[in-house]
Each structure stands twice: as C-alpha cells, then as structure tokens.
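Peer 1: Provided below are the primary sequence and the corresponding predicted coordinates.
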Amino acid sequence: MDHIIQFCENLIDREEPRMDKHQIVKSDSLDPLDNMSDLTNTHTINCMDIENLSNFVQIWTDVISIEEVEQQYRTSLYTDIQDFINDNYLYNTGFFYVKVNHNLSVLEFFNLLSKIPLESLKSPGLHQIPYSSIANLFGNGSCQVAIQFMILGHFLKFWQLINPFTLMSKTQESTKLILSGMGNLTIYLSPRFIENCKELIETVKL
C-alpha cells in the first residue's frame, strides 16, 4: 500500500513553506490560460483552521488495512461482509478502509468546515472538487487525511463522494484501483451546498 500512497502524494507537485495563511486563486473560466492570469479572485485561509479540521478528521476516522478488516470479518458472527462493513461504518477505498466514528459532533464539523471556502476548490464549470485540490489544501503528507475528509463529509451527507472503486461495479478491480490511485476521487457539492449543510444541522438532534 505504501507505493500507492507515495503515488498519491506525487500528485501534489509542489512543496510550500510553512505559512500562517493559505491562499487559493479561483477562476470561473474554462481556459487554463485565464486561470493562470486571474489573480484577483483569491481566498485566504488561516493555516490553523486547516490544521484544526485535519485534527478533527483524524480523531473521528481511522484507516484500517483491507487485510485487518477481512480478518475481523472472519472472526465475527456475520455471514455477509457487506453487512459487517455497513454496521461498522466502514468505507472501502480499494487500498484501505476508512472507519467513521458515528458519535462525532456534526455541528463541530460544520463549524470547522464553514471556515474553509470549499466552493473555491471546485473544478471550473463543475460542482466537483477533485482529490488533488483537497490534498493540496491539507498540505504535503496528507494523502490519507484528504481521503478521510472526503469520506467523513460523505458519511454526514454534506456531499457525495464519487469513488470509481465502489461505483464501477462492472469494471475489473485492477482497473478501478488504477483509476483511484491516479486521484480520480472527487466530491460533488450541490449548488446550494451551504444552505443544505445548515438545513442538515437544524434537523440533527444535539
């Protein structure tokens, strides 16, 4: 699994010095030349806000190897592995499982999330944020944290995770792993993302 993680890390092709602020340049143009020249629409994020969000994600999710999950399933009383996965809040990325602690505070997550301008990370013309943008947001060495973050928001229904490994049911596993390893993980944000999040929070019994 280490070489897959290293492959993911290589998608983030530049190193940045430690900063107190993290800037994002956003352009709505589909022309890459326009994106390079548009320096007016920027978003500044406190690095502490990113660090707090990263810590929250790592506290409330765990990365578990596929071998360990399979071993736990074999020693359990379950007869269907999918039931075992669902009941234990596990999500299969193809390379490892992410386990979500369902006792987390939705309100706390939303509060941390509200400080990050996620919509500025969307691909031009789309309501999707690619894995590479999220990994770049969290910084170097954040391959797993970015995926844990994407899965946590999906679990809480803040967005939809588009994962080739789970969605391409008729595709060979090796092909799905290649697609996932190339960073073809994205999250879909609805056009009313913030409003939907607030509505979801209001329906949660705190």
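Peer 2: That came in fine, so what should we check first?
Peer 1: what ranges do the helices span in this structure?
Peer 2: Along the chain, the segments classed as helices by DSSP state H run 2-9, 32-37, 47-60, 66-74, 81-87, 106-113, 131-138, 143-155, 164-167, 173-181, 193-203.
Peer 1: Report the separation between residue 161 and residue 140.
Peer 2: Separation of residue 161 from residue 140 (C-beta to C-beta, to the nearest Å) stands at 23 Å. C-betas here are computed from N, CA, C, even on glycine.
Peer 1: the more surrounded of those two?
Peer 2: Neighbour count, other C-beta atoms under 10 Å: between residue 161 and residue 140, residue 161 has more, with 20 against 12.
Peer 1: Now do the same contact list for the more buried one.
Peer 2: If a contact means C-beta atoms under 8 Å, 6 or more residues apart in numbering, then residue 161 has 150-151, 153-154, 185-188 as its contacts.
Peer 1: Tell me the bridge partners for it.
Peer 2: Beta-bridge partners of residue 161, counted by DSSP bridges, are residue 187.
Peer 1: mind checking how far it is from residue 57?
Peer 2: Using C-beta to C-beta, one obtains 14 Å as the distance from residue 161 to residue 57.
Peer 1: Could you do residue 140 as well?
Peer 2: Distance, residue 140 to residue 57, by C-beta to C-beta: 16 Å.
Peer 1: Equivalent analysis for residue 116, please.
Peer 2: Remark: distance between residue 116 and residue 57 (C-beta to C-beta) = 12 Å.
Peer 1: who has more neighbours, the two?
Peer 2: The neighbour count for residue 116 versus residue 57, taken as other C-beta under 10 Å, is higher for residue 57 (25 against 20).
Peer 1: which residues touch the more buried one?
Peer 2: 145, 148-149, 152.
Peer 1: ok, those vs residue 106, which is closest?
Peer 2: Closest approach to residue 106 among the contacts of residue 57 (C-beta to C-beta): residue 152, at 10.4 Å.
Peer 1: tell me the pLDDT at that closest one?
Peer 2: Note for residue 152: predicted pLDDT of 94.
Peer 1: now do residue 73
Peer 2: pLDDT, read off for residue 73, is 96.
Peer 1: now the contacts of residue 161: which count as buried?
Peer 2: Burial by neighbour count, 16 or more other C-beta atoms under 10 Å: within those this picks out 150-151, 153-154, 185-187.
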